[in-house]
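Undergrad: Provided below for reference: sequence and predicted model.
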Amino acid sequence: MLDKGKISTRQLTIIVALFMVGSSILIIPSYLATYASQDAWISALLSIATGLAVLPLYIALGNKYPGKTLAQFMEDILGMWLGKAVSLFFLAAFPFTMAAFSLRNIGDFMTTQIMPDTPIQAIHIIFLIVVIIGVRLGLEPIMRAAEIIFPWFILLFVCFVIFISPQIKWENILPVLEGGIKPVIGAGIPFTAFPFMETAVFLMVFPHANRPDRVGRALFWGIVIGGAVLFIITMMSVLVMGPDTTARLIYPSYALAKKISIGNFLERIEGLMAIIWFFTIYFKLTLLYYISVIGFAQSLNLKEYRFLTIPLGIILIVYSILISPNTSFWFEMYTTWALHAITLGLVLPALLLAVAAIRGKGAAKAAATSASEEQTQPDT
């Protein structure tokens, strides 16, 4: 492996949870409320259940090729040249494109909510410099930093929920299933794709786990924790602001934080939500960029990956600007991205597992036939 760092089961659980929350904590409530209205919380629950149902697919594929990343065992399954081609396409179209969207989410949020007079390119460059430093240090330092930050993330999130709870209006989620189950499922499918199907990229991290037998458990609890955070933030947005207001806002969870008022002295602490989001988006972007760089280096049979961080970083900055013309573009293409994520995060792994199973049976049959022929040959 290009990076020989090892990670613990707890670190893997933490990074999965932070990855799940990522940029979703700011934009998911708005999308779910747009299509499912007051039943957005039901869509969130269905999506979490669906995301967990896909998890055995990733575990089975990772266990079939222990010690190898997705970029490496694609060549074993599809052959060297086709495997390299599919691997490079997957890396460019999935983790690298997700990294570009994540970086653009950072720029859009900062330029619309906090620093409107700052050029978005400057924000992208400054943030990506920190990401590149983390990637060059390797996977272990990234995971250790996540392990240190995670308790603070949980503390800030719990404080946020407690502070906003007095403004809950339970009538905002009534009547339940007023529009039937169809809108709930329609809203839940894209949410299942983003971010649950995106966890397929963790197939690039599996070989670094120091307890391969506990990878499945780590992924399960990471998805549960991350999904619970997204469910709670969606529920709170609808309960406090109502489904209509939640649907109209671009960043409803940030607007929700502005409504906190405790004793006329603890007010307007939306920076709390911004800090929570910066924690999660940094680790999601860093992990995606790390996976992209390592994957490209492995597919191209390079002996070192760090020299790719700067040129790919320059490409990522340009890509993040070109990929989205404005702030609302992401919401317009959310359904399209969902199909993209389902194709690369569900269909492709399923096809790889099926091809691997067929080739394995073929190899076993050929070996059995060869052994049988050797036994039946007369001694000379």
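TA: Now that the structure is in, tell me what you want to look at.
Undergrad: Please enumerate the helices of the stretch 101-250 of the chain.
TA: 120-137, 139-164, 182-191, 215-241, 243-248 (DSSP state H, counting those that start in this stretch).
Undergrad: Quick one: list the elements packing against the longest one.
TA: Think helix 215-241. Contacts defined by 3 or more CB pairs under 8 Å, 6 or more residues apart in numbering; DSSP states H and E place helix 215-241 against helix 9-21, helix 24-36, helix 40-64, helix 139-164, helix 252-258. Every C-beta, even on glycine, is put in place using the N, C-alpha and C of the backbone.
Undergrad: What would the helix or strand containing G313 look like as CSV? C-alpha coordinates only.
TA: Taking DSSP states H and E as the criterion, the element that holds G313 is helix 309-322. Extracted as CSV, the C-alpha positions of helix 309-322 are listed here (Å, rounded to 0.1, in the frame of the first residue of the first chain):
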residue,chain,number,x,y,z
THR,A,309,-1.8,16.4,-4.1
ILE,A,310,-0.9,19.9,-5.5
PRO,A,311,-1.7,19.4,-9.3
LEU,A,312,-4.9,17.6,-8.4
GLY,A,313,-5.7,20.3,-6.0
ILE,A,314,-5.4,22.9,-8.7
ILE,A,315,-7.7,20.9,-10.9
LEU,A,316,-10.1,20.5,-8.0
ILE,A,317,-10.3,24.2,-7.5
VAL,A,318,-11.1,24.8,-11.2
TYR,A,319,-13.5,21.9,-11.2
SER,A,320,-15.4,23.2,-8.1
ILE,A,321,-16.0,26.5,-9.9
LEU,A,322,-17.1,25.0,-13.2
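Undergrad: Use 385 as the first number from now on
TA: With the count now opening at 385, the last piece we talked about shows up as helix 693-706.
Undergrad: residues in contact with it?
TA: Under the contact criterion CB atoms under 8 Å, 6 or more residues apart in numbering, helix 693-706 has outside partners 480-481, 483-485, 487-488, 491, 504-505, 508-509, 512, 515-516, 519-520, 673, 676-677, 680.
Undergrad: ok so, going back, compile the helices and strands packed on helix 599-625 into a markdown table and extend it with columns for mean neighbour count and mean pLDDT.
TA: Listed next are the helices and strands packed on helix 599-625 as a markdown table, based on neighbours: other CB atoms under 10 Å; pLDDT from 0 to 100:
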| stretch | mean neighbour count | mean pLDDT |
| --- | --- | --- |
| helix 393-405 | 24 | 93 |
| helix 408-420 | 26 | 86 |
| helix 424-448 | 19 | 90 |
| helix 523-548 | 17 | 90 |
| helix 636-642 | 22 | 83 |
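Undergrad: Indicate which one of those helices is closest to L686.
TA: Closest of the helices and strands packed on helix 599-625 to L686 is helix 523-548, at 16.8 Å (criterion: CB to CB).
Undergrad: tell me the angle of that closest one relative to helix 393-405?
TA: 60 degrees (axes from the mean of the first three to the mean of the last three CA atoms, to 10 degrees).
Undergrad: just the angle between helix 523-548 and helix 599-625, please?
TA: Angle of helix 523-548 versus helix 599-625, following the same axes, to 10 degrees, is 30 degrees.
Undergrad: Quick one: list the elements packing against helix 523-548.
TA: Based on contacts counted as 3+ CB pairs under 8 Å, 6+ apart, the elements that helix 523-548 packs against are helix 393-405, helix 504-521, helix 599-625, helix 636-642, helix 655-683.
Undergrad: hey, least reliable of those by pLDDT?
TA: Per-stretch mean pLDDT for the helices and strands packed on helix 523-548 is lowest at helix 636-642 (a mean of 83).
Undergrad: What helices and strands are in contact with that helix?
TA: Counting contacts by 3+ CB pairs under 8 Å, 6+ apart, helix 636-642 packs against helix 408-420, helix 523-548, helix 599-625, helix 655-683.
Undergrad: Enumerate every residue touching the residue nearest to I617 when sequence neighbours are not counted.
TA: In space, I617 comes closest to S637 once its chain neighbours are excluded; the distance is 5.1 Å by CB to CB, 6 or more residues apart in numbering. Under the criterion of CB under 8 Å, 6+ apart, the contact partners of S637 comprise I409, L410, P413, I617, S621, M657.
Undergrad: again, only this time at 10 Å
TA: Counting by CB atoms under 10 Å, 6 or more residues apart in numbering, S637 makes contact with 408-414, 544, 548, 614, 617-618, 620-621, 625, 630, 654, 657, 660-661.
Undergrad: next one: K566
TA: If a contact means CB under 10 Å, 6+ apart, then K566 has Y419, A420 as its contacts.
Undergrad: Distance check, it against F580.
TA: Distance of K566 to F580, given as CB to CB, to the nearest Å: 20 Å.
Undergrad: One more: L728?
TA: Look at L728 and F580: by CB to CB, they are 13 Å apart.
Undergrad: can you list residues touching both of these two?
TA: Common neighbours of L728 and F580 (criterion: CB under 10 Å, 6+ apart): none identified.
Undergrad: More neighbours: those two, which one.
TA: More neighbours sit around F580 than around the other of L728 and F580, counting by other CB atoms under 10 Å; the figures are 28 against 22.
Undergrad: Let me know whether the more buried one touches I432 as I believe.
TA: Yes. Using CB atoms under 10 Å as the test, F580 is close enough to I432 to be in contact (7.6 Å).
Undergrad: on that earlier part again, which one of the helices and strands packed on helix 523-548 lies nearest to S471?
TA: Ranking the helices and strands packed on helix 523-548 by proximity to S471 (CB to CB) places helix 655-683 first, at 4.6 Å.
Undergrad: quick one: that closest one to helix 693-706, angle?
TA: Computed with the same axes, to 10 degrees, the direction of helix 655-683 lies at 120 degrees from that of helix 693-706.
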